[in-house]
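Colleague: Okay, predicted coordinates and the sequence, questions at the end:
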Amino acid sequence: MKDYDPPRYVIVSARVSPMVELARWLFERAAIPYEEEGHAPLIHAVFTRRRRGGVEVPVVVSAAATWKGARETLNGLDARLRPGERLYGDAPAERAANVAFVEALLDRLLLTVQRFAYFHLLPHKRIVVPAVTDGVPAWERLIVRLFYPVWRRLLGRALDFSPAAIAAAPDSITAAFDLVEAELARRGTTFLGGESPSAIDVIFSALVAPLVLPAGYGSPLPDLDALPPALRTHVEGWRGRGGGQLVLETYRHARPTPQPRLRRPRRNATALQRLLTPAVQRLGARLTLLLRQPLVLRRFALAARWPDVHAVLESDLHFHIAPVNGPRFDLINGPFVLGMDRGDRFARERSHMYHAVAGIDGGAVQAQVHQFATALLGSANGRIDVAHGYAHPVAARTAAQLFGVAGPTEADLMRVCRALFHYAFLDQGNDAAVKARAERAAAEMRTWISDEITRRRQYGVHLDDVLGRLMGNGAGPGADDDAVRRNLGGLLVGAIDTTSTTVARIVYVLASDSSVLKRVERDVDNRARMRGWCAEALRMWPSAPMLFRRAVPGATLGGRAVAADATVAAFTQAGMYDASVFPRPFELDPDRSPEPYMNFGGGLHPCAGRGVNDIQLPGLVAPLIARGISTVGRPRYVGPFIDELVVTFRGAS
């Protein structure tokens with residue numbers, strides 16, 4: 001059973017269109033879920049225009065952008081994908097050549113294929129109606145059936161069935177086949193992408209599919225035997241050519257199993273999320289500080305003032321983490337240091353893990369974050385989704401490079417890590433569906449990491465990344481393979497979603513107050529102060545405002561005995577409002593000492609990636625601030641995650 005994230009894109013389509021088939025295929029190839037809003041041809045224009053598109057399909061709608069037509073969809077998706085997955089390749093010369101090649105194909109095929117196919121098929125209602133009404137609303141099917149002569153005449157006018165256009169169509173299509181076959185001959189490969197299909201093979205194959213009739217098209221096509229004789233002669237001729245065989249083989253080798261019908265969720269906050277706004281959380285922390293001493297009940301204790309919170313996190317012999325985090329980590333990943341208390345295994349594996357993380361080159365991280373952030377901001381047209389459209393992919397790309405495991409696609413990596421993070425840290429209600437999804441995700445991650453460990457062992461690959469350092473990097477035996485897998489998996493799970501949700505919170509806090517935003521803008525080139533601004537914003541709205549431990553026999557808190565096995569809540573947000581440690585606690589001051597913050601835990605179990613976050617968070621926030629934020633929208637949630645936070649930039653239309 002394959003899991004899908006909630007779709008963040010809506011493809012407004014005429015389902016039978018080859019341009020729509022191209023969009024479906026490319027999204028599925030990249031494992032990016034989408035919702036398809038299918039309509040009958042011609043009627044679709046009402047809905048594409050309503051979404052601020054034109055009449056050309058597809059119109060692809062996301063939180064921060066609308067891609068109108070095939071070219072914008074190709075360019076928008078290419079800009080959204082990580083290096084190694086981009087449609088046109090990564091090297092400048094390769095990209096330029098592929099862009100020119102695709103433009104030549106689009107010029108010859110984009111409307112011509114539909115014009116030629118519809119010209120021959122529209123006189124045959126019994127062939128056309130099932131193809132154009134598949135998956136469309138019932139009222140549209142009824143209109144096409146009842147008013148077919150009118151619909152047919154209007155569609156012919158829209159597609160330009162003039163004698164000159166129809167006469168030119170076969171030559172234009174044949175020229176595209178000639179172009180592809182000449183390129184195949186020049187490269188001497190089975191596919192344009194080499195020995196396996198590339199995005200360029202996919203683009204050509206999808207665009208001409210209605211005239212080659214491959215198996216696997218994303219909506220029903222007529223059978224070859226059902227075609228009118230004149231069209232069938234052309235189709236048989238194109239199928240028999242080298243370009244036609246390329247299409248058939250590309251579909252056979254590279255067309256993914258079609259995604260099931262998915263609906264884009266309403267990203268509304270739950271009642272609890274609506275209640276726990278940043279302001280309400282701050283008020284709750286402030287009121288809790290009225291307790292001069294820890295609250296100690298029979299089975300529960302609450303520490304709110306900074307010295308008491310600090311004591312809970314530091315006194316790991318009295319307040320254990322294993323009963324809280326251990327069972328969940330054990331289920332999905334096996335023992336991991338954030339779910340272990342002191343002991344031989346903990347000491348050994350914590351040492352290996354911290355050594356591996358300590359080897360991360362901060363300068364390289366800074367350069368990577370800058371590169372990825374600049375690329376995504378460069379493709380933004382006046383607005384961007386800070387959460388899933390910006391911070392999430394940058395965090396995933398940085399993690400893949402730092403840790404050495406990238407997953408089959410970027411979307412797969414983000415999906416699996418989010419499912420595991422949700423279960424490991426956020427599933428307070430013990431939801432059976434969340435657990436089952438995490439178990440399936442854990443199996444995927446286990447395979448990715450184990451396969452990469454095996455590959456490196458087998459071929460003697462020594463890379464200076466976290467995986468390589470955990471393995472010993474050729475300088476020694478390193479940790480055993482199971483420990484390597486468990487520790488790398490734990491680091492991956494924590495790295496991506498911690499960063500993406502944290503950046504969204506920071507930006508929301510800083511951009512929601514115009515006076516604060518102006519102060520931050522003045523410091524955008526000052527790295528030290530930007531780190532301070534990020535720490536302060538996160539102090540105001542932390543990702544984990546409360547950390548939990550389990551008391552052992554004899555534990556005390558604030559001089560009061562705590563019952564064995566009592567749940568102990570360390571209210572870190574309240575602790576960071578303690579005026580004895582944070583003077584003027586409800587003002588943002590980027591010059592505070594970094595020592596007393598608890599944004600990423602503390603004691604024996606702080607976030608292992610906090611050093612990377614010191615680089616990555618300001619590296620992501622500063623470019624957004626420098627771009628000039630005009631407005632910030634409401635955070636929108638999918639489950640416990642901020643999945644959408646749209647900001648607009650000054651000067652944008």
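Modeller: Okay, I see it.

Colleague: which residues touch the residue nearest to residue 48 when sequence neighbours are not counted?
Modeller: If the residues on either side of it in the chain are set aside, residue 48 comes closest to residue 59, at 4.4 Å by Cβ to Cβ, 6 or more residues apart in numbering. Every residue, glycine included, has its C-beta placed from N, CA and C. Residues near residue 59 by Cβ atoms under 8 Å, 6 or more residues apart in numbering: 11-13, 48, 51, 53, 66-69.

Colleague: Just the buried ones from the residues you listed, in ChimeraX syntax?
Modeller: Those of those that count as buried under 16 or more other Cβ atoms under 10 Å are selected in ChimeraX with:
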select :11,12,13,48,53,66,67,68,69
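
Colleague: so of the contacts of residue 59, which ones are in strands?
Modeller: Cross-referencing these with the strands (criterion: DSSP state E) gives 11-13, 66-68 as the overlap.

Colleague: I'd like those laid out as a markdown table, including pLDDT and distance to residue 74.
Modeller: Formatted as a markdown table, these follow (pLDDT from 0 to 100; distance: Cβ to Cβ, whole Å):
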| residue | pLDDT | distance to residue 74 |
| --- | --- | --- |
| 11 | 98 | 13 |
| 12 | 98 | 16 |
| 13 | 97 | 15 |
| 66 | 96 | 15 |
| 67 | 97 | 9 |
| 68 | 97 | 12 |
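
Colleague: Between those residues, which sits nearest residue 576?
Modeller: Comparing these against residue 576 with Cβ to Cβ places residue 66 closest, at 40.6 Å.

Colleague: I'd like to know how far the residue lying closest to residue 265 once chain neighbours are set aside sits from residue 637.
Modeller: For residue 265, ignoring the flanking residues on the chain, the nearest one in space by Cβ to Cβ, 6+ apart is residue 6 at 4.6 Å. When Cβ to Cβ, to the nearest Å is applied, the distance between residue 6 and residue 637 equals 11 Å.

Colleague: follow-up on the earlier one: quick one: the residue nearest to residue 265 is in a helix?
Modeller: No: counting by DSSP: H, G, I helix; E, B strand; the rest coil, residue 6 falls outside a helix, being coil.

Colleague: returning to what we had before: biggest separation within the contacts of residue 59, which pair?
Modeller: In the contacts of residue 59, the most distant members under the criterion Cβ to Cβ are 13 and 66, with 13.8 Å between them.

Colleague: and the longest helix seen in the chain, what's its mean pLDDT?
Modeller: Under DSSP state H, the helix in the chain containing the largest number of residues is helix 481-511. What helix 481-511 shows for mean pLDDT is 94.

Colleague: Going by neighbour count, which residues of that helix are buried?
Modeller: So for helix 481-511, counting by 16+ other Cβ under 10 Å, buried means 483-511.

Colleague: Quick one: list the elements packing against the helix or strand that that helix is followed by.
Modeller: Next helix or strand after helix 481-511 toward the C-terminus (DSSP states H and E): helix 514-522. Where contact means 3 or more Cβ pairs under 8 Å, 6 or more residues apart in numbering; DSSP states H and E, helix 514-522 is packed against helix 481-511, helix 610-627.

Colleague: hang on, the earlier thing: where do the contact lists of residue 6 and residue 637 overlap?
Modeller: In the contact map built from Cβ under 8 Å, 6+ apart, the residues linked to both residue 6 and residue 637 are residue 643.

Colleague: Dump the helices and strands packed on helix 514-522 into JSON lines; add distance to residue 572 as well.
Modeller: Converted to JSON lines, the helices and strands packed on helix 514-522 look like this (distance: least, Cβ to Cβ, whole Å):
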{"stretch": "helix 481-511", "distance to residue 572": "14"}
{"stretch": "helix 610-627", "distance to residue 572": "13"}
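
Colleague: Could you say which one of those comes nearest to residue 84?
Modeller: helix 481-511 (17.2 Å).

Colleague: the inter-axis angle of that closest one versus helix 610-627?
Modeller: 30 degrees (axes from the mean of the first three to the mean of the last three Cα atoms, to 10 degrees).

Colleague: Now do helix 481-511 and helix 514-522, the angle between them.
Modeller: Using the same axes, to 10 degrees, the direction of helix 481-511 lies 120 degrees away from that of helix 514-522.

Colleague: For the stretch 451-600 of the chain, which residues score under the pLDDT cut-off?
Modeller: 474-478 (pLDDT under 70).

Colleague: Dig out what the residue lying closest to residue 319 once chain neighbours are set aside forms beta bridges with.
Modeller: Take residue 319 and drop its neighbours on the chain: the residue closest to it by Cβ to Cβ, 6+ apart is residue 549, 3.7 Å away. Beta bridges link residue 549 to residue 568 when assigned by DSSP bridges.

Colleague: ok, residue 549 - contacts?
Modeller: 312-313, 319-321, 324, 567-568, 570.

Colleague: and what of residue 4?
Modeller: With contact set as Cβ under 8 Å, 6+ apart, residue 4 has these partners: 33, 259-260, 262, 415.

Colleague: how about residue 436, secondary structure?
Modeller: helix.

Colleague: distance of it from residue 442?
Modeller: The spacing between residue 436 and residue 442, counted by Cβ to Cβ, is 11 Å.

Colleague: Then residue 562?
Modeller: Relative to residue 442, residue 562 is positioned 34 Å away (Cβ to Cβ).

Colleague: So those two - more neighbours on which side?
Modeller: The residue with more neighbours, out of residue 562 and residue 442, is residue 562; 28 against 21, by other Cβ atoms under 10 Å.

Colleague: residues contacting that one?
Modeller: Residues in contact with residue 562 (Cβ under 8 Å, 6+ apart) are 296, 301, 551, 555-556, 568.

Colleague: same check, this time on residue 535
Modeller: Counted by Cβ under 8 Å, 6+ apart, residue 535 has contacts 590, 592, 594, 597, 599.

Colleague: where does the fourth one land in three-state SS?
Modeller: Three states are possible here, and by three-state DSSP the one that applies to residue 597 is coil.

Colleague: which residue packs closest to it, ignoring adjacent ones?
Modeller: Counting by Cβ to Cβ, 6+ apart, residue 535 is the residue found nearest to residue 597 once chain neighbours are left out, at 5.4 Å.

Colleague: Next one: the one you found from residue 35, what distance?
Modeller: Counting by Cβ to Cβ, the gap from residue 535 to residue 35 is 38 Å.

Colleague: on that earlier part again, out of the contacts of residue 4, who's the most crowded?
Modeller: With neighbours taken as other Cβ under 10 Å, the top of the contacts of residue 4 is residue 415, carrying 22 neighbours.

Colleague: My read is that that residue contacts residue 31, right?
Modeller: Yes: taking contact to mean Cβ atoms under 8 Å, the distance of 7.5 Å between residue 415 and residue 31 places them in contact.
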